[in-house]
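S.K.: I need the structure of the sequence given here:
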Amino acid sequence: MNLPKISKPILLFIICIIISGCSNSENTEQSEDLNVLQNYEIKIPETPLDVPSEYSKNLSPIWETWAYLLRDYVNRSDLNEDEITELIIETMMKSLDDQHSNYISPEFFNVENTDMQGKYQGIGASVEMNANGDVVIVSPFEGSPAKEAGIRPGDIIIEVNGESLEGYSLMEAINIIRGPEGTSVELLVKHLLSKDTELITIIRSSIKLESVLLRSKPKSKIAHIRVTNFYPETAE
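M.R.: Reported below is the predicted structural model:
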């Protein structure tokens, strides 16, 4: 079967019509999609939690944000309410720019409250956290279990009972180092200027915090008394 030959000008004309039709069809679809988007009304769902009426309206965004997180956040099970609450409170306190106004976390308060009684149950050593986030022994107390077990100033506590202290806050570390009198705790420590670590077992005891320091020179009638803190038994 012989098909009629189509001249090149006619063939080009047909191709142009087809392209134009496809373009118009595409533009029509885009126009319809645009109309749908323009006519779409974004509805913000009502917050599932009521904002307490006794609070300032300026605080309502905090409640609403928390409400949306509880309802719409994909990983809701990962939300740590205690951590979020503490971050909000700490931010509020920092905004005051007042060095006399601070937030004390529950674990820090428990440690401070115990220390204010002038005694606690633990190993008997003062500790601090260095710039690298390491828990470092400042000084073991004289006659304390820590001193007798071989804990030295500058020791870095790496693990407590086999648990790494990496990522722990100072208060969290203190809480797990302390414990009931008569119980044992294993500390993996790295001594100052040493590359090796040592596992030291310490039996906790009742530690009395000294608040009155007395110093006098031989054959001198003058004594120096220093009060470092005020505990219930300081006057005695």
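S.K.: any chance you could map the helices in the chain?
M.R.: Along the chain, counting by DSSP state H, helices occupy 8-39, 60-72, 81-95, 106-115, 145-149, 170-177.
S.K.: Show me what the last one is packed against.
M.R.: When you say that, I think you mean helix 170-177. Under the contact criterion of 3 or more C-beta pairs under 8 Å, 6 or more residues apart in numbering; DSSP states H and E, helix 170-177 touches helix 106-115, strand 125-129, strand 156-160. (C-beta placed from N, C-alpha, C; glycine too.)
S.K.: Mind telling me which of these the model trusts least?
M.R.: When the helices and strands packed on helix 170-177 are ranked by mean pLDDT, helix 106-115 comes last with a mean of 69.
S.K.: Need the winner for burial among the helices and strands packed on helix 170-177.
M.R.: strand 156-160 (a mean of 18; mean count of other C-beta atoms under 10 Å).
S.K.: burial count for the closest residue to Gly162 other than its chain neighbours?
M.R.: Once flanking residues are discounted, Gly162 sits nearest to Glu186: 7.0 Å by C-beta to C-beta, 6 or more residues apart in numbering. Other residues near Glu186 number 13, with proximity taken as other C-beta atoms under 10 Å.
S.K.: So what sits opposite Glu186 in the bridge?
M.R.: Residues in a beta bridge with Glu186, per DSSP bridges, are Thr201.
S.K.: which residues touch it?
M.R.: By C-beta atoms under 8 Å, 6 or more residues apart in numbering, Glu186 lies in contact with Glu159, Val160, Asn161, Gly162, Leu199, Ile200, Thr201, Ile202.
S.K.: could you check the distance from the third one over to Leu79?
M.R.: As judged by C-beta to C-beta, to the nearest Å, Asn161 and Leu79 stand 29 Å apart.
S.K.: so Gln121 touches Asn175, yeah?
M.R.: No: if you go by C-beta atoms under 8 Å, Gln121 and Asn175 don't touch, sitting 11.9 Å apart.
S.K.: neighbours of the nearest residue to Ile88 once chain neighbours are set aside, just the number please.
M.R.: In space, and not counting its chain neighbours, Ile88 is closest to Ile62: 6.9 Å by C-beta to C-beta, 6+ apart. Counted with other C-beta under 10 Å, residues neighbouring Ile62 total 13.
S.K.: go on, Lys147?
M.R.: If you count neighbours by other C-beta under 10 Å, Lys147 ends up with 17.
S.K.: how about the nearest residue to it, chain neighbours excluded?
M.R.: In space, Lys147 is closest to Pro140, 4.0 Å off (C-beta to C-beta, 6+ apart).
S.K.: If that neighbour is in a bridge, with which residues?
M.R.: When assigned by DSSP bridges, Pro140 has beta-bridge partners Ala125.
S.K.: mind giving me the domain split of the chain?
M.R.: By the assignment in automatic domain parsing, the chain contains the domains 81-115, 119-208.
S.K.: most tightly surrounded among the ones you listed?
M.R.: Comparing these by mean neighbour count (mean count of other C-beta under 10 Å), domain 119-208 ranks first with a mean of 16.
S.K.: so Gly122 makes contact with Ile176?
M.R.: No: counting by C-beta under 8 Å, Gly122 does not reach Ile176; the two are 10.4 Å apart.
S.K.: who touches the residue nearest to Lys147 in this structure?
M.R.: Residues near Pro140 by C-beta under 8 Å, 6+ apart: Ile123, Gly124, Ala125, Ala146, Lys147, Ile151, Arg152, Pro153.
S.K.: That one and Glu186, how far apart?
M.R.: Pro140 sits 16 Å away from Glu186, taking C-beta to C-beta as the criterion.
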